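Colleague: Have a look at this prediction, sequence included:
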Amino acid sequence: MSEPLYFSSGDHDLFAWLHRPAVLNSSSVGLVVCKPFGYEALCAHRGVRAFAEAAAKQGVPSLRFDYSGCGDSADIDPDADQIKVWVDDVLAAVAELRRRTGVQHVCLLGVRLGALLATLAAARSTGIAGLVLVAPVIKGKRYLRELRTARLAAQLGTDRLAAGHGDTDVESTTPGSMEFSGYAMSAQSMATLSGIDLAELAAPPVAHALVVDRQDLPTAHGWYEALVGAGVAAQYRKLSGFVEMALVAPHFAVVSQSMTEAIGNWLKHLVSELGLRTEQLTAAASPAALGTALPELRLPAAGSEGAGPTELPVFFGSGFPLFGIMTRPPQQEVRRRGVILLNAGADYHMGASRLYVSLARLWARNGYYVLRMDMGGLGDSDTRAGKTDDEIFPAEALDDIRDAVAYLRDRYDVREITLTGLCSGAYHALRAAAVGLPVERVLLVNPQNYFWSPDMTLDDLQLAEVVRNPTLYKERMQSASAWRRLLSGHVNVWRIFKIYAYRQMLVSEAALRNVARTLRIRLRNDLGRELEEIVGRGVQVTFIFADGEPGIDLLKIQGGSAVRKLGDYCRVRIIKDADHTFSRSGPRSAMERVLSDELFLLPTTPMPVSPKGLRGVAESR
């Protein structure tokens, strides 16, 4: 039984999930789960959820939460000492778990930086019964070096100025801070973190501990020995699966079964050690099941006066329950306009770099109802029977979007709906418009494909590769090292041949489709005709691309002359110096401005019934 909620930590309100045991008789032990930082938290979302659910199955109520300024929680001052604030958040989560469940003993489970925060929190409390530390950060300086190394690796091959010193990047707007894969850390936070070495601190006053080290890069055995030396009943396990769970893109992430099992066994032993409660804990039904009101988060107003937007978790769906976060405009707003943000890949509803959170709150302050939804099998929505977790292109996606549209219309009387998404979210938004769902606008950010069939997989030869790689291969023809790799047999010549052949087929096919559209002959998977029909129904279409994205060329190839003919009713906007997920704050801010311009600054004049005769320039910068 899982229940979304908000609770207070000092001046901040935090979002959390409480996982209650299904059985009435429960142990006196509870668990608070402390997430990793930044991109690792995005990737490990499924794994962190699995840890909490597994604990609940052991009869241990579990609370997983977002730190201040992270995920669905309230924002934080960009200059704040995040480490200090987040340790306070952990202690507030412990108090909240006790208040809601009445457990006598609380354990902290921390992943990566979350393990360090859990340890620091335990050192400030005499009421923590045990620690579970997964791939823990032991030395803050070393961790920061790893973050900086990953940042430099991500910038290889990009323009140096654009990669690190854009005029509106976080380093310029907040001096001394840095951005790691789209997630900012303040100067004060890095200073605090640099001064932390768990090996130099006294062991926290806990009786039990489990240290789960990485098998590929173990660093925590010394800390485990220090815990044992301080009299802690500690266990040490070196297990595989951390990289696959937390350091790969969410759509490739896999929950570590070995880690989940080890944590479950440790908790089972601890419950036995501490004993069972003599009284019963009430297994309360979730608010969704009861139909009761869900909690709300009040956000600050845009100015100094007046009410700000409110945010709340919602469950919706006619045949299958889906989860989302609804951001509502201030009560005085009477315009009934809404936006639905669709998952990018397997990213959960906050989006890469927390992009969807900032967009939703910005747009709500401008009068929009914004739903950040998780489609079935993604994020915090359940997975349909017979389906796999984190499936990016499920056939049921259209049903999920249809339910979201109906929810906005029925619950909030929204009359004008925009669908927005990044990458696969853009794909699903386009598909929804193509089948005629009642929407007025689609904003498509960096789509990499426009058609998908059930027999395709992410490992197949991708169209993005087909339109991008030929240029790269031409550049490498001038490289001596590339020739050495070719002659030594380290290059897959057959794959290169297939890429060139496939691209030539696409170009020829595009010419054929242009002729077919002129002759009114309908062909399958004709993007140009689909765009004409979408616009003909009165839907405005905008493509937003990072400069150099393969989706740009693919749109030219598959959309053909139709894109040019549709003019301002099918717009293309380009953001310079950006990567696929807009991981740097400068280009990300530019993209947010472009999206906002397209959403509420453009005139909403009626669309033509037929695109015949439309003309204009499709591309704008």
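Modeller: Structure's in. What do you need?
Colleague: Next up, the contacts around residue 434.
Modeller: Shown in contact with residue 434 (C-beta atoms under 8 Å, 6 or more residues apart in numbering): 530, 533-534. The C-beta positions use only the backbone N, C-alpha and C, and glycine is treated the same way.
Colleague: Quick check: the gap between it and residue 531.
Modeller: Relative to residue 531, residue 434 is positioned 9 Å away (C-beta to C-beta, to the nearest Å).
Colleague: One more: residue 111?
Modeller: Separation of residue 111 from residue 531 (C-beta to C-beta) stands at 44 Å.
Colleague: Could you list the low-confidence segments of this protein?
Modeller: 23-27, 156-173, 275-294, 303-305, 457-511, 513-514, 517, 519, 521, 601-621 (pLDDT under 70).
Colleague: try 80
Modeller: The chain contains residues with pLDDT under 80 at 23-27, 154-175, 275-294, 302-306, 331-334, 454-525, 560, 601-621.
Colleague: Can you pull the domain assignment for it?
Modeller: Here the domain parsing of the chain from automatic domain parsing is 2-139+205-274, 140-195.
Colleague: Could you dump these into TSV and include mean neighbour count?
Modeller: Output for the domains of the chain, formatted as TSV (neighbours: other C-beta atoms under 10 Å):
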stretch	mean neighbour count
domain 2-139+205-274	21
domain 140-195	16
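Colleague: and residue 339, which of those domains is closest to it?
Modeller: domain 2-139+205-274 (16.7 Å; C-beta to C-beta).
Colleague: For ChimeraX, write the select line for the buried members of the contacts of residue 434.
Modeller: Buried residues among the contacts of residue 434 (16 or more other C-beta atoms under 10 Å), as a ChimeraX selection:
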select :530,533,534
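Colleague: Tell me which of the contacts of residue 434 fall in helices.
Modeller: Judged by DSSP state H, helices contain the following of the contacts of residue 434: 530, 533-534.
Colleague: that older thread, any chance of the domains of the chain in JSON lines, with distance to residue 338 too?
Modeller: Shown next, in JSON lines, are those (distance: least, C-beta to C-beta, whole Å):
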{"stretch": "domain 2-139+205-274", "distance to residue 338": "19"}
{"stretch": "domain 140-195", "distance to residue 338": "26"}
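Colleague: Indicate which one of those is closest to residue 312.
Modeller: Comparing the domains of the chain by their distance to residue 312 (C-beta to C-beta), the top pick is domain 2-139+205-274, with 8.6 Å.
Colleague: Now do the end-to-end distance for the closest one.
Modeller: Its start and end residues considered, domain 2-139+205-274 measures 25 Å (C-alpha to C-alpha, to the nearest Å).
Colleague: and if you look at stretch 367-386?
Modeller: Note: stretch 367-386 ends 40 Å apart using C-alpha to C-alpha.
Colleague: In it, which residues are buried?
Modeller: Neighbour counts using 16+ other C-beta under 10 Å place 367-382, 384 of stretch 367-386 among the buried residues.
Colleague: The residue lying closest to residue 230 once chain neighbours are set aside and residue 226, how far apart?
Modeller: Leaving aside its sequence neighbours, residue 230 sits nearest to residue 203 (C-beta to C-beta, 6 or more residues apart in numbering; 3.5 Å). According to C-beta to C-beta, residue 203 and residue 226 sit 6 Å apart.
Colleague: closest to residue 176 among the contacts of residue 434?
Modeller: Residue 176 lies nearest to residue 534 out of the contacts of residue 434, by C-beta to C-beta, at 47.0 Å.
Colleague: That closest one against residue 541, yeah?
Modeller: Yes - contact criterion C-beta atoms under 8 Å: residue 534 and residue 541 qualify, at 6.0 Å.
Colleague: Could you name every residue contacting both of the two?
Modeller: Contacts common to residue 534 and residue 541, judged by C-beta under 8 Å, 6+ apart, are 433, 442.
Colleague: Please, where are all the helices along the stretch 1-150 of the chain?
Modeller: Here the stretch 1-150 of the chain has its helices, by DSSP state H, counting those that start in this stretch, at 39-43, 45-57, 82-101, 113-123, 140-155.
Colleague: Quick one: neighbours of residue 321, just the number.
Modeller: Neighbour count of residue 321, defined by other C-beta atoms under 10 Å: 15.
Colleague: now swap in the one 4 residues further on and tell me
Modeller: Using other C-beta under 10 Å, the number of residues around residue 325 comes to 26.
Colleague: my read: it touches residue 364, true?
Modeller: No - using C-beta under 8 Å, residue 325 makes no contact with residue 364, being 11.0 Å away.
Colleague: what do the two both touch?
Modeller: Both residue 325 and residue 364 are in contact with residue 311, where contact means C-beta under 8 Å, 6+ apart.
Colleague: Compare the domains of the chain and give me the one nearest residue 428.
Modeller: Per C-beta to C-beta, nearest to residue 428 of these: domain 2-139+205-274, 13.8 Å.
Colleague: I'd like the distance between residue 540 and residue 203.
Modeller: Relative to residue 203, and taking C-beta to C-beta, residue 540 is found at 61 Å.
Colleague: Comparing those two, which shows the higher neighbour count?
Modeller: Per other C-beta under 10 Å, whichever of residue 540 and residue 203 has more neighbours is residue 540, with 23 against 20.
Colleague: ok, the closest residue to the more buried one other than its chain neighbours - contacts?
Modeller: Of all residues not flanking residue 540 in the chain, residue 441 sits nearest, at 4.6 Å (C-beta to C-beta, 6+ apart). With contact set as C-beta under 8 Å, 6+ apart, residue 441 has these partners: 416-419, 539-542, 598-599.
Colleague: ok, what's across the strand from residue 441?
Modeller: The residues listed as beta-bridge partners of residue 441 by DSSP bridges are residue 418, residue 540.
Colleague: Would you check how far apart it and residue 535 are?
Modeller: Plainly put, residue 441 is 11 Å away from residue 535 if you go by C-beta to C-beta.
Colleague: overlap in contacts of those two?
Modeller: Taking C-beta under 8 Å, 6+ apart as the criterion, residue 441 and residue 535 both touch residue 541.
Colleague: Check the contacts of residue 441 against residue 252 and report the nearest one.
Modeller: Nearest to residue 252 among those, with distances taken as C-beta to C-beta, is residue 419, at 25.5 Å.
Colleague: doesn't residue 431 make contact with the closest one?
Modeller: No - the pair residue 419 / residue 431 is not scored as a contact, 9.8 Å apart, by C-beta under 8 Å.
Colleague: who's more crowded, these two?
Modeller: In terms of neighbours (other C-beta under 10 Å), residue 419 is the more surrounded of residue 419 and residue 431; the figures are 28 against 20.
Colleague: With adjacent residues omitted, what lies nearest to that one?
Modeller: Nearest residue to residue 419 in three dimensions, chain neighbours excluded: residue 429, at 3.9 Å (C-beta to C-beta, 6+ apart).
Colleague: swap in residue 240?
Modeller: residue 215 is the one closest to residue 240 (C-beta to C-beta, 6+ apart), at 4.4 Å.
Colleague: how about that neighbour, what does it touch?
Modeller: By C-beta under 8 Å, 6+ apart, the contact set of residue 215 is 238-242.
Colleague: could you say what helices and strands whichever helix or strand residue 323 is part of packs with?
Modeller: Using DSSP states H and E, residue 323 falls within strand 322-328. Strand 322-328 sits against strand 310-316, helix 355-365, strand 368-374, helix 397-412, with contacts defined as 3 or more C-beta pairs under 8 Å, 6 or more residues apart in numbering; DSSP states H and E.
Colleague: Between these, which one is closest to residue 389.
Modeller: strand 368-374 (11.5 Å).
Colleague: Okay, now the sheet partners of that closest one, with direction.
Modeller: The strands that strand 368-374 pairs with in its sheet are strand 322-328 (antiparallel), strand 337-342 (parallel) (by DSSP bridges).
Colleague: Between helix 355-365 and it, find me the angle.
Modeller: Going by axes from the mean of the first three to the mean of the last three C-alpha atoms, to 10 degrees, strand 368-374 is angled at 160 degrees with respect to helix 355-365.
Colleague: related to what we said a few turns ago, how about a markdown table for the strands paired with strand 368-374, with distance to residue 33 added?
Modeller: Shown next, in a markdown table, are the strands paired with strand 368-374 (distance: least, C-beta to C-beta, whole Å):
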| stretch | distance to residue 33 |
| --- | --- |
| strand 322-328 | 18 |
| strand 337-342 | 25 |
